[in-house]
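Novice: Quick check, what structure comes out for this input:
(2 chains)
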Number of protein chains: 2
Amino acid sequence: MTQQAVRPTAPAALERIRALVEPAAQRAVDWLDDPQMRLISRYQMGWCDAQGEPTHSGGKAIRPTLAVLSAEAVIGRPDEAIPMAIAVELVHNFSLLHDDVMDRDLERRHRPTAWVAFGEGQAILAGTAMLTLAVRLLTASGLSGRRAQGCLLDTVQVLIGGQSQDLLLEQAESVTMAQVLSMEAGKTAALLACSASIGALAVGAPEPTVAGLAQFGYELGLAFQLVDDVLGVVGDPAQTGKSSSSDVRAGKRSAPIAAALTSNTPAGDRLAEMFTAGPPATDADVELATQLIIDSGGLDWAKNEADLRLDTAMQQLRALDLIDEPAAELEAIANYIVNRDR
Amino acid sequence: MTQQAVRPTAPAALERIRALVEPAAQRAVDWLDDPQMRLISRYQMGWCDAQGEPTHSGGKAIRPTLAVLSAEAVIGRPDEAIPMAIAVELVHNFSLLHDDVMDRDLERRHRPTAWVAFGEGQAILAGTAMLTLAVRLLTASGLSGRRAQGCLLDTVQVLIGGQSQDLLLEQAESVTMAQVLSMEAGKTAALLACSASIGALAVGAPEPTVAGLAQFGYELGLAFQLVDDVLGVVGDPAQTGKSSSSDVRAGKRSAPIAAALTSNTPAGDRLAEMFTAGPPATDADVELATQLIIDSGGLDWAKNEADLRLDTAMQQLRALDLIDEPAAELEAIANYIVNRDR
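Specialist: Have a look, this model is predicted:
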């Protein structure tokens, strides 16, 4: 009972829209002619194991849900937004897959990452195949696809730039909060902005509505990333599917860690000193570093910033002239993804 | 003088079309907002060194030349084909860049490969940025871009499948000629087929003309790859920019090597025996393996097959109703790239 009180129930829209999108997404991935590329893509989407046997271990499908809701909020129907919903989920999975190769991450969603299961080269190829398929879907979607394509492609460039900054920051001697937030905006907020507006864009919504939905998605994306960063410091491994304090262990410069390092507190200074020698080497060091991030106020800063970003997102949304029910569903999704596990 | 007699002069079309395409290509790469992605892309295109200082060490730009000629052969003007020409060159460089990471190749065009110069993660990201930019260019090119987009995207999937097969064949115990030719068709012929027809497609040429040009490009691409394979066995390092017998050294299953291995000759059998222990370890082993590929007839088979494919390509081309001068230039390009260094 306590568990349920802490973890909010998933909004009904997630399941409703998954039922609309997933069968079409499966058919779209079947467009991939190469059997190896199809297998790895299906594995990455959570639809099968490494031998191709059906499983279900996909993500929450937040991005396709936002894409469909953004069309429903404008014209009351989901249909034309379905290729866009599939496209944003494919792009999300392309970036997860490539990032896992670069970050040498071994597990995702409680399974070996694609490069561990299939080899690095095959994983890189499959990620690019999923990206190319995402764009191809829009090419095949007539006028609505054409309206959406520039947005999707420009977002991919921002995602790529965000990951590039992330890799550069990992090697940097010191980082500023501005650098970290810009990197996180690129890696997370940009695709949420695209997801939350691409359906509206596809159905030909007026420009201010599309821009407002994109701003809602952008602020929501930052809030979402900040919560993810908090979980990377103090999250429960059973819930996150990662090791405890995974970002601390990896020596990442996530927002709460950067906030701790730049806090001008004794705890922050001690953390900076620890980090000059590289990521914490032992479990005891990881525990100490985690405590220093808490003591310096870095964790609270990130939680507070996430709340502020969520408030801003909600204000953006409420300022728009949208159909009531899907607009309420967008709010429910926003609350759900930012408040999970806190 | 002998040198000039052996190495044919580059057709004038290469320089003429480079002057049309390259300034526009430079402007297109400047669309990349991220400075690191822009730098690596410019490096990969041969326009600068790793510090960003201007250089000129790009490739022959065969693909953009074919793309422009395919439009000129239909409507007599190059203009509308220029974004397509840039797009095929960007896609070519995306695939070179990613393949170099996967194949751990250290040098290309007499310089360190991008992943050696900038790191593996940054190189993967820049490759994907170039691919995304290629598609974005077509999205920004109105009706002609829309006509061309499906062709480009489908070709990218074939390229990806070809590289995936290549990686799988490297680990295979034995390979058939059919597998090797299918892999080479995917890695090389598909993008040449696209390049030789995308300009015609973009300007709205009749379907049989587009298909005929694609078939010309496909056969030319196979011939081109077979010649490249021959150079990978007996090419001059000063001309190829690679080590001597580079494919033999790497234990690749290129067409002449596969032909040797499946030749049922004593030399072929001895080569197969050598290869069971992995790629040749010493220079003497490389020399012996190279001689066995020659003695088994594998090298002659590949040279002969290249000639046959070039003949077929020319027949395809001559069967089409094209404008004389650009059609003659297409023939000159085809002869040039297949006969280089032989």
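
Novice: Packing partners of the helix or strand where residue A:17 lies?
Specialist: According to DSSP states H and E, residue A:17 maps onto helix A:12-29. With contacts defined as 3 or more Cβ pairs under 8 Å, 6 or more residues apart in numbering or on different chains; DSSP states H and E, helix A:12-29 has these neighbours: helix A:35-44, helix A:62-75, helix A:82-103, helix A:120-139, helix A:324-339. Placement of C-beta: from N, CA and C, glycine included.

Novice: Minimum distance to residue A:222: which of these has it?
Specialist: Among the helices and strands packed on helix A:12-29, the nearest to residue A:222 by Cβ to Cβ is helix A:324-339 (9.9 Å).

Novice: Now do the closest one: everything it contacts.
Specialist: Helix A:324-339 has contacts (Cβ atoms under 8 Å, 6 or more residues apart in numbering or on different chains) with A:8, A:10-14, A:60, A:62, A:65-66, A:69-70, A:72-73, A:76, A:196, A:216, A:220, A:223-224, A:227, A:306, A:310, A:313-314, A:317, A:320, A:322.

Novice: let's go with 6 Å and repeat that
Specialist: Residues from elsewhere that reach helix A:324-339 (Cβ atoms under 6 Å, 6 or more residues apart in numbering or on different chains): A:8, A:11, A:13, A:62, A:69, A:72-73, A:220, A:223-224, A:227, A:310, A:313.

Novice: just stretch A:270-281 next, same as before
Specialist: A:251, A:260-261, A:286, A:289, A:292.

Novice: residues of it that come out buried?
Specialist: For stretch A:270-281, a neighbour-count test (16 or more other Cβ atoms under 10 Å in any protein chain shown) marks A:270-272, A:274-275, A:279-280 as buried.

Novice: between the residues you listed, which is closest to chain B?
Specialist: The closest of the buried residues of stretch A:270-281 to chain B turns out to be residue A:279 (Cβ to the nearest Cβ; 17.0 Å).

Novice: if we can go back for a sec, deepest-packed of the helices and strands packed on helix A:12-29, please.
Specialist: helix A:62-75 (a mean of 28; mean count of other Cβ atoms under 10 Å in any protein chain shown).

Novice: Out of the contacts of stretch A:270-281, the closest to residue B:299 would be?
Specialist: Comparing these against residue B:299 with Cβ to Cβ places residue A:251 closest, at 51.7 Å.

Novice: Hmm, residue A:56 and residue A:109 touching each other?
Specialist: No. Contact criterion Cβ atoms under 6 Å: residue A:109 and residue A:56 do not qualify, at 10.5 Å.

Novice: OK, contacts around the residue of the stretch 201-342 of chain A found nearest chain B?
Specialist: Residue nearest to chain B within the stretch 201-342 of chain A (Cβ to the nearest Cβ): residue A:201, separated by 13.3 Å. With contact taken as Cβ under 6 Å, 6+ apart, residue A:201 is in contact with A:147-148, A:151, A:210.

Novice: Repeat that for residue A:309.
Specialist: With contact set as Cβ under 6 Å, 6+ apart, residue A:309 has these partners: A:219, A:222-223.

Novice: Among those residues, which lie within helices?
Specialist: A:219, A:222-223 (DSSP state H).

Novice: Now that we have the residues you listed, can you turn them into TSV and tack on distance to residue B:97 and neighbour count?
Specialist: Below are the ones in helices among the contacts of residue A:309 laid out as TSV (distance: Cβ to Cβ, whole Å; neighbours: other Cβ atoms under 10 Å in any protein chain shown):
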residue	distance to residue B:97	neighbour count
A:219	35	25
A:222	31	26
A:223	35	27
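
Novice: TSV please, covering those and showing pLDDT and distance to residue A:326.
Specialist: Below are the ones in helices among the contacts of residue A:309 laid out as TSV (pLDDT from 0 to 100; distance: Cβ to Cβ, whole Å):
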residue	pLDDT	distance to residue A:326
A:219	98	18
A:222	97	22
A:223	97	20
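
Novice: Out of those residues, which is nearest to residue B:126?
Specialist: Nearest to residue B:126 among these is residue A:222, at 25.8 Å by Cβ to Cβ.

Novice: Contact residues of the stretch 1-150 of chain A facing chain B?
Specialist: Where the stretch 1-150 of chain A comes near chain B, counting by Cβ under 6 Å from any Cβ of the partner chain, the residues are A:34, A:36, A:102, A:121, A:125, A:128-129, A:132, A:135-136, A:139, A:149-150.

Novice: on that earlier part again, next one: phi and psi at the residue of the stretch 201-342 of chain A closest to chain B?
Specialist: Backbone torsions for residue A:201, taken as degrees, to the nearest 10, come to phi -60, psi -40.

Novice: quick revisit: need the helices and strands packed on helix A:12-29 in CSV (columns: mean pLDDT).
Specialist: Listed next are the helices and strands packed on helix A:12-29 as CSV, based on pLDDT from 0 to 100:
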stretch, mean pLDDT
helix A:35-44, 98
helix A:62-75, 98
helix A:82-103, 97
helix A:120-139, 98
helix A:324-339, 95
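
Novice: Now the residue of the stretch 201-342 of chain A closest to chain B: closest residue in space, sequence neighbours ignored.
Specialist: The shortest distance from residue A:201 to any non-neighbouring residue, by Cβ to Cβ, 6 or more residues apart in numbering or on different chains, is to residue A:210 (4.9 Å).

Novice: which SSE is that neighbour in?
Specialist: helix A:207-234.

Novice: Tell me which residues of that helix come out buried.
Specialist: Going by neighbour count (16+ other Cβ under 10 Å), the buried part of helix A:207-234 is A:209-234.

Novice: Report all helices and strands that it contacts.
Specialist: Taking 3 or more Cβ pairs under 6 Å, 6 or more residues apart in numbering or on different chains; DSSP states H and E as contact, the helices and strands that helix A:207-234 lies on are helix A:190-202, helix A:246-249, helix A:255-261, helix A:298-318, helix A:324-339.

Novice: Which phi and psi values does the residue of chain A most remote from its centre adopt?
Specialist: Distance from the C-alpha centroid of chain A peaks at residue A:266, with 33.0 Å (Cα atoms, centre = their mean). Torsion angles at residue A:266 (phi, psi; degrees, to the nearest 10) stand at phi -60, psi -40.
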